[in-house]
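Chemist: output the structure for:
(one chain, ligands or ions: 1)
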Amino acid sequence: MTNSPLLQAICMTEDAIRSRSTAHWIIAFSGGKDSTAALKIFLSAYKRAHTVVPNVTVIYCDTGVENPILDIYVKSLLVEIRNEFVELGFPIKVKILKAPVEDRFFVRLIGRGYPPPTNSFRWCTIGLRIRPVSKFVMSQDLNNTVVMLGLRKSESQQRDRSLALSSEPHWQKQREGVGDYDLFLPILNLTIPDVWDALFALPMPRSISPRQLEALYRDASGECPVIKAPQAPPCASGRFGCWTCTVVRKDKSARELIRSGYSELQPYLALRDWLSEIRNDPARRWPQRRSGAKGLGPLTIDTRREILARVDHLETQTGTSIIDSDERGLIASLWQFDDVPRLFYPNRRHDT
Ligand code: SF4
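Modeler: All right, here's what the predicted structure looks like:
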């Protein structure tokens, strides 16, 4: 791999580790191919650098509605990776982040009546992925923090345009709120084949099986972003995203997994498809926005009840917990404030 893009990425990361060894390195990990390749590159570079970096954290953002097959894969992987770091004597922590209860998918959908997300009203990414990561990063010493992301150039034309203007594209400043911090993007120039080279050629962490990842993720094209512009396109067009995602027209990922034998995903896909169908039905929405402005508003209480009943049924079918007790409690209290359809339909019978 002499002079290969992969070797260049490792060397560049080695230099970055040496020059920022006292920083808190935060590695964003989704379990997808790009963030896995970035993690492998970091570990190879870390070994080559012979430098102790005392503060490294691998973060994973659990939306609570990840594709269940991939959720099981990533969570068991994180346990193994954590054990492996201990065995290797690497002072690397693994942290799972989660959105606060008020930002969770079903609290927004069923509690507040947000319509299932689309590209033009994609309310979920910020609350479920970007804000938990941003909150964690912002609680660190920003002047001495490097956040490493597995972003590649070709994922977004918008991103490519802004990177083209940068003299040092692998290092970016992320501005957020009152502060900014450094972003390090080691796989920016890697193509998809380069990424697979990294996955198969680099040995650490050995808990990650490239074959297993390949089987899950062979033709994926992206991961829902945890940092950077929430309007960036990938999201759910690849393997790693929410099973509830209605931003894409069809959930090809789930369909392919079902086709390759994961039939347990079928009821999840059926509910997701139904959510996508009802989204724009005026009979299921308030006739005006919450603000009073013209246009379809939140989902009606009846529809929210129906969604909850369908999720309950899915829980029974799959033997899993999809909406936890905190979420259920908040949904119930939000409904009390939101029983306004009586205002719109005073002559209709209401049972709420
Ligand atoms: S995968 Fe889809 S539903 Fe999940 S956060 Fe991204 S856009 Fe939203």
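
Chemist: low-confidence stretches in this structure?
Modeler: Scanning the chain for pLDDT under 70 picks out the ranges 1-2, 154-167, 218-239, 339-352.

Chemist: you'd agree Leu188 is in a helix?
Modeler: No: under DSSP: H, G, I helix; E, B strand; the rest coil, Leu188 falls outside any helix and is assigned coil.

Chemist: which ones are touching it?
Modeler: The contact partners of Leu188, by Cβ atoms under 8 Å, 6 or more residues apart in numbering, come to Leu151, Arg152, Lys153, Leu163, Pro169, His170. Using the backbone N, CA and C atoms, a C-beta is placed for each residue, glycine as well.

Chemist: which of those residues sits closest to the ligand?
Modeler: The shortest approach to the ligand among the contacts of Leu188 belongs to Leu151, at 15.5 Å (Cβ to the nearest ligand atom).

Chemist: not including adjacent chain positions, what is the nearest residue to the closest one?
Modeler: Leaving out its chain neighbours, the residue that sits closest to Leu151 by Cβ to Cβ, 6 or more residues apart in numbering is Leu185, at 5.1 Å.

Chemist: ok, now which ones touch the one you found?
Modeler: Met148, Leu149, Leu151, Pro169, His170, Trp171, Gln172.

Chemist: repeat that for Val147.
Modeler: Ile26, Ala28, Val137, Gln174, Tyr181, Asp182, Leu183, Phe184, Ile227.

Chemist: how about JSON lines for those, with neighbour count added?
Modeler: Below are the contacts of Val147 laid out as JSON lines (neighbours: other Cβ atoms under 10 Å):
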{"residue": "Ile26", "neighbour count": "26"}
{"residue": "Ala28", "neighbour count": "26"}
{"residue": "Val137", "neighbour count": "24"}
{"residue": "Gln174", "neighbour count": "17"}
{"residue": "Tyr181", "neighbour count": "22"}
{"residue": "Asp182", "neighbour count": "18"}
{"residue": "Leu183", "neighbour count": "21"}
{"residue": "Phe184", "neighbour count": "23"}
{"residue": "Ile227", "neighbour count": "21"}
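
Chemist: so which of those sit within strands?
Modeler: Ile26, Ala28, Gln174, Tyr181, Asp182, Leu183, Phe184 (DSSP state E).

Chemist: the fourth one against Thr145, yeah?
Modeler: Yes: here Tyr181 lies in contact with Thr145, judged by Cβ atoms under 8 Å, at a distance of 4.8 Å.

Chemist: residues shared between the contacts of these two?
Modeler: Common contact partners of Tyr181 and Thr145 (Cβ under 8 Å, 6+ apart): Val137.

Chemist: for Leu6, give me phi and psi.
Modeler: Dihedral angles of Leu6 (phi, psi; degrees, to the nearest 10) stand at phi -70, psi -50.

Chemist: correction: the previous question concerned Leu190.
Modeler: phi -80, psi 140.

Chemist: could you find the closest non-adjacent residue to Asp326?
Modeler: Distances taken as Cβ to Cβ, 6+ apart place Val101 nearest to Asp326, at 4.7 Å, with adjacent residues excluded.

Chemist: for the protein, which helix is longest?
Modeler: The single longest helix within the chain, with elements called by DSSP state H, is helix 68-88.

Chemist: go ahead and produce CSV holding the CA coordinates of it.
Modeler: C-alpha atoms of helix 68-88 as CSV (Å, rounded to 0.1, in the frame of the first residue of the first chain):
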residue,chain,number,x,y,z
PRO,A,68,-32.6,-3.4,15.0
ILE,A,69,-30.3,-5.7,13.1
LEU,A,70,-27.6,-3.1,13.0
ASP,A,71,-28.4,-1.9,16.6
ILE,A,72,-27.6,-5.4,17.9
TYR,A,73,-24.4,-5.5,15.7
VAL,A,74,-23.1,-2.2,16.9
LYS,A,75,-23.9,-2.5,20.6
SER,A,76,-22.3,-5.9,20.9
LEU,A,77,-19.3,-4.6,18.9
LEU,A,78,-18.9,-1.6,21.3
VAL,A,79,-18.7,-4.0,24.2
GLU,A,80,-16.0,-6.1,22.5
ILE,A,81,-14.1,-3.0,21.4
ARG,A,82,-14.1,-1.7,24.9
ASN,A,83,-12.7,-5.0,26.2
GLU,A,84,-10.1,-5.1,23.5
PHE,A,85,-8.9,-1.6,24.3
VAL,A,86,-8.5,-2.7,28.0
GLU,A,87,-6.5,-5.8,26.8
LEU,A,88,-4.3,-3.8,24.5
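
Chemist: anything in it sitting right up against the ligand?
Modeler: No: applying Cβ under 6 Å from any ligand atom, one finds helix 68-88 separated from the ligand by no less than 11.2 Å.

Chemist: list the buried residues of that helix.
Modeler: In terms of neighbour count (16 or more other Cβ atoms under 10 Å), helix 68-88 has its buried residues at Pro68, Ile69, Leu70, Asp71, Tyr73, Val74, Leu77, Leu78, Ile81, Arg82, Glu84, Phe85.

Chemist: what sits against Asp338?
Modeler: Contacts of Asp338 by Cβ under 8 Å, 6+ apart are Arg112, Gly113, Pro298, Ile301.
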